[in-house]
Each structure stands twice: as structure tokens, then as C-alpha cells.
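K.L.:
Predicted model and sequence follow; I will ask about them next.
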Amino acid sequence: MRSIYALLVFIAIGLLMGDVTVWAVGERAVAPLRDAEGKVLGVALFVQEAQGVRISLTVKGLSPGEHGIHIHAVGKCEPPDFLSAGPHFNPTSKKHGLNNPEGPHAGDLPNLVVGEDGSAVYEYVTNLVTLTPGELSLFDEDGSALVIHANPDDQMTDPAGNSGARVLCGVITPMKEAAVRIGGFLPTLLLFAAVALVIWLLFFR
Ligand SMILES: [Cu+2]
Ligand SMILES: [Zn+2]
């Protein structure tokens, strides 16, 4: 009987830990931004808020000035040209550009402004996409990617605003998956082992 109680407690703690993990990561996503050589030069975070998705990113190693930045339709970043990321995310079939009367694409964003030292910090909230399920979700069947271009986006010319080559690309990955992939499994296992030890000390010693 005692061991059955212990087992139930163990299962309950396991379920609770799973819930806590989901609560902590919420509707969030991350995209490590890599160049053509695979070097990570920046990282972007995506958080679902009431008004939209907040995109916060820091990046270095770019040429000073304005750079086009968009959410592209496919979550695949194959170097060196990153064409695998497909066109701009455009579930509503609009034309390109935040200043285009027939636009914009859901994945269109204001230009990234890079300082003299090649670094930039960027923050923007877009209500044209969601991290939650639905028509505008970035997590459709083929996922999505964040791409930074060599040149500024003119926010008018279809389909890509003349923003030139794709220099950085990052697959937008839900935190829940990222946490497991970054080695969340081993800490979870250790935590379970610690809980098992406590249960043993309490009930079986
Ligand atoms: Cu782009
Ligand atoms: Zn566009």
C-alpha cells in the first residue's frame, strides 16, 4: 500500500513538473541567426502578447545602415543563400511592403538599423502573425524563418522590397521544443532522480 502511495506522489510530481515547464516557456519562440558559414551572429525572441507578437533581437557583425528583415514562409535555413526559407510569410495573399497600399505581407517588418560597430538591437510588435494556432500562425506545417538581408527594404516593391541577398537566417522554434533540444532532458531526469531519492528517504528507509 505504501509503495502505491509513493508511486502516486511520484506521478503527481511528474505531471506538475511538466505543467510548470509549459507555463514557464508559454507561447514563446526563439531563432538563432546564422550566417552563410553557420556562425551564430544574433538571436531573436518571439513572445505572444495581447496586442501581437513581440520580436526582440540582438545581432552583430553586419554592415552599418539599414537592412531588410522579414519572416519567411518556410522554417528551413540552408546556407549559403538561404533560399530554402522561401518567400515572405503571406497567408493573406497581399503584396509586399508596409507602405504598399496592396500590402503588406504578414511577415513584413520595419528595417533593422545597424550601428557603426555592426551591431543592432531591435524590438517590434506585429499583429499580423501569431504563435498560437490559426491562419496567421508562424507554426504552420512547414514552420517559419527570420531572415536579415544585405540591403534596406524599400517597403513598396513586390515581392521583397529590393532588399538583396539573405545574409542571416534563423528557424523560428517554439521554446517547448527548444528547451528539450538544448538538453532539457538530462536536467529533467536528474530532477526526477532527486525526487525519487526524497521519496525513498521519506517512505522506505
Ligand atoms: Cu526577407
Ligand atoms: Zn514582404
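P.N.:
Now that the structure is in, tell me what you want to look at. Ligands and ions are numbered 1, 2, ... in the order given.
K.L.:
does the residue in the chain positioned nearest to ligand 1 sit in a helix or strand, and which one?
P.N.:
Nearest residue of the chain to ligand 1, counting by CB to the ion: H70, 3.4 Å away. Where C-beta positions appear, they are placed from N, C-alpha and C, glycine not excepted. Per DSSP states H and E: H70 is located in strand 69-72.
K.L.:
Could you please name the strands whichever helix or strand comes after that strand pairs with and the direction of each pair?
P.N.:
Remark: after strand 69-72, the chain's next helix or strand is strand 112-114, criterion DSSP H and E. Its sheet considered, strand 112-114 pairs with strand 65-67 (antiparallel) by DSSP bridges.
K.L.:
which other residues reach the partner strand?
P.N.:
Residues from elsewhere that reach strand 65-67 (CB atoms under 8 Å, 6 or more residues apart in numbering): 111-114, 148-153, 163, 167.
K.L.:
same thing with stretch 148-167?
P.N.:
Under the criterion CB under 8 Å, 6+ apart, residues 33, 35-36, 42, 59, 62-63, 65-70, 81-83, 85, 87-88, 95-100, 103-104, 108, 110-112, 147, 168-169 lie in contact with stretch 148-167.
K.L.:
which parts of it are buried?
P.N.:
Buried residues in stretch 148-167, counted by 16 or more other CB atoms under 10 Å: 148-149, 151-156, 160-161, 163, 166-167.
K.L.:
which residues does the residue of the chain closest to ligand 1 bridge with?
P.N.:
Beta bridges link H70 to D108, V147 when assigned by DSSP bridges.
K.L.:
What is the burial count for it?
P.N.:
Per other CB atoms under 10 Å, the neighbour tally for H70 reads 27.
K.L.:
got it, and the one 4 residues further on?
P.N.:
Counted with other CB under 10 Å, the burial measure for V74 works out to 19 neighbours.
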